[in-house]
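# sequence and predicted structure are below.
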Amino acid sequence: MRTFRSKVVLGLLLVFALPASAAGPKVYVGNFKDNSVSVIDAGTAMVVATVPVSAGPHGMSATPDGRTVYVSGDGSSEVVVIDAATDRVIRKIEVGKTPHGLAMTPDGKLLLVGVYGEDRVALVDTSTQAVIATVPVPKPHTIAIRPDGKVAYVASQEPGKFALVVLDLARRSAVRTLPLEKTPRDLEFGHDSRALYVTMAGVNAIAVLDPASDKIVAQIPTGASPHLANFFRGASAGTAVVQGPGELQLFDPATNTPLKAIAVGRQPHWMAATSDGKRIYVTNEGSNDVTVVDLAAGTTSTIAVGNAPRKVVVLSATATTQSSGAKVSIANFAFAPGEITVAPGSTVTWTNDDGAPHGLAYNDGVKGTDVLLPGASFSRTYDKPGTFDYVCAVHPYMTGKVTVRAP
């Protein structure tokens, strides 16, 4: 009877340790007035975590592998780094006063930060999480990196000298300036690099800039106060967030003409798409929620988040699978669960929930941690299938096991 019961309990532990098949990609939403980030499981459409961040979360970006999310604090001088496996802040990067927009190069190696309060763009090496260079740009607000990763366009909001400043990322310098009559709000490259979509304060249209000539070749009419526009990979149409009427405007990127509008929440601010371009997540600053738009069906649903949600990023389904994993609690001088099974590419996180210090020593020779103080966590990513035993580095009689196999 005991053997049967043990097998049942072990089976349940393995089931709960596996990444949930019903779960979808994670969606991160910056709540400007709460100084927090809401984490949404797209599969269940529920907020699964709330992460405290620096004051006034403004810009957001994520590495292509989905392991790390960056959030700039408009009311601080920091960019916080969130580990997507544990949904915890693991580092704060000092970049300068009032950081605004963030943009990530396609290879995930470089993060650009518009340091609005110091008139420069900071370049952060994502492997070291350190600023490695800066480029002078007057009042940099938002940033768009061309999909080939070679050039970035920066919305410069210097009073009386509004412009788009073009940066050569290899040379780490500004190479030209494109004057504008109105204040640039946002700029986004379509996935195919054929157009840069620019919104400007007081202009009820999307300016379509041809990157080959740096000329505005079309204007797509919208309702009052369009905030940003893009043409996402896999999407059936281009989309624009229009704040005045509270809608997502669809447009034809081939003809630069408006199609239809879909009502969202009050004072929509930003949007992000799933990796297949089929769903758009729109943050609604005025109604404290996120509208999920199914582009094919034209239907919407709503998810309540924090106070004044602004920026949003969606991790791809592939990235979420790679960064997903299991959590192990260290409590009462034991690992709980003591044996877990995860998929290759998953991250396992151990948290010391005990009153005593513990540690992690892996039998396969991978470096662990000698001392893990109460409340601290440690993570390891398992890329290859196999069985991996470990012990507590402080109390060797505490043992555990991780089995890695394809689901």
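Great, that's in hand. Numbers count the residues shown, from 1 in each chain.

# tell me where the stretch 301-407 of the chain has helices.
317-323 (DSSP state H, counting those that start in this stretch).

# where does pLDDT dip in it?
Scanning the stretch 301-407 of the chain for pLDDT under 70 picks out 317-325, 406-407.

# then the chain?
1-24, 317-325, 406-407.

# which stretches of it form helices?
Remark: helices assigned in the chain by DSSP state H are 2-17, 317-323.

# what residues are up against the nearest residue to residue 390 once chain neighbours are set aside?
Nearest residue to residue 390, sequence neighbours excluded (CB to CB, 6 or more residues apart in numbering): residue 362, at 4.8 Å. From N, CA and C alone the C-beta is placed, and that goes for glycine too. By CB atoms under 8 Å, 6 or more residues apart in numbering, the residues touching residue 362 are 368, 380, 388-390.

# using CSV, lay out those together with neighbour count and distance to residue 289.
CSV is the format used below for these (neighbours: other CB atoms under 10 Å; distance: CB to CB, whole Å):
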residue, neighbour count, distance to residue 289
368, 17, 42
380, 20, 36
388, 17, 42
389, 13, 46
390, 22, 42
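
# nearest to residue 65, of the residues you listed?
When these are compared for distance to residue 65 (CB to CB), residue 380 wins out at 15.8 Å.

# neighbours around residue 111, how many?
By other CB atoms under 10 Å, 28 other residues sit near residue 111.

# quick check: it vs residue 335, distance?
35 Å (CB to CB, to the nearest Å).

# with residue 380 instead?
13 Å.

# and residue 165, by the same measure?
In terms of CB to CB, residue 165 sits 53 Å off from residue 335.

# is it true that residue 102 touches residue 113?
Yes: assessed by CB atoms under 8 Å, residue 102 is found in contact with residue 113 at 5.8 Å.

# quick one: common contacting residues for the two?
59, 72, 79.

# now render the residues you listed as TSV, adding neighbour count and distance to residue 405.
Below are the shared contacts of residue 102 and residue 113 laid out as TSV (neighbours: other CB under 10 Å; distance: CB to CB, whole Å):
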residue	neighbour count	distance to residue 405
59	26	39
72	32	39
79	30	37
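
# closest one to residue 188 out of those, please.
residue 59 (13.2 Å).

# tell me how many other residues crowd the closest residue to that closest one other than its chain neighbours.
Distance criterion CB to CB, 6+ apart; nearest residue to residue 59, sequence neighbours excluded, is residue 102 at 3.6 Å. Other residues lying near residue 102 total 25 when counted by other CB under 10 Å.

# so how far is residue 335 from residue 102?
Taken as CB to CB, the span from residue 102 to residue 335 is 37 Å.

# residue 308 reaches residue 34, doesn't it?
Yes: here residue 308 reaches residue 34: they are 7.4 Å apart, a contact under CB under 8 Å.

# quick one, domains of this protein?
2-18+324-404, 36-321 (automatic domain parsing).

# buried deepest among those domains, which one?
domain 36-321 (a mean of 19; mean count of other CB atoms under 10 Å).

# distance between that one and the chain's centre?
10 Å (CA atoms, centre = their mean, to the nearest Å).

# got the domains of the chain as CSV, with distance to residue 28 columns?
Below are the domains of the chain laid out as CSV (distance: least, CB to CB, whole Å):
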stretch, distance to residue 28
domain 2-18+324-404, 15
domain 36-321, 5
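
# ranges for the strands of the stretch 51-200 of the chain?
Assigned by DSSP state E, counting those that start in this stretch, the stretch 51-200 of the chain shows strands spanning 57-62, 68-73, 78-83, 88-94, 99-104, 110-115, 120-125, 130-136, 140-145, 151-156, 163-168, 173-179, 184-189, 196-200.

# what helices or strands is the fourth one leaning on?
Using 3 or more CB pairs under 8 Å, 6 or more residues apart in numbering; DSSP states H and E as the contact criterion, the elements in contact with strand 88-94 are strand 46-52, strand 78-83, strand 130-136.

# neighbouring strands for it, and are they parallel or not?
strand 78-83 (antiparallel) (DSSP bridges).

# now the angle from the partner strand to strand 120-125?
30 degrees (axes from the mean of the first three to the mean of the last three CA atoms, to 10 degrees).

# and strand 78-83 with strand 110-115, angle?
150 degrees.

# residues making contact with strand 78-83?
Contacts for strand 78-83 (CB under 8 Å, 6+ apart): 28, 37, 51, 53-54, 59, 67-73, 88-95, 99, 102, 111, 113, 124, 129, 379.

# what's the answer for stretch 369-378, then?
Residues contacting stretch 369-378 (CB under 8 Å, 6+ apart): 86, 88, 330, 349-360, 368, 393-394.

# same question, stretch 97-107
Contacts of stretch 97-107 (CB under 8 Å, 6+ apart): 58-64, 70-79, 110-118, 122, 126, 140-145, 147-149, 152, 155, 169.

# no more questions from me, cheers.
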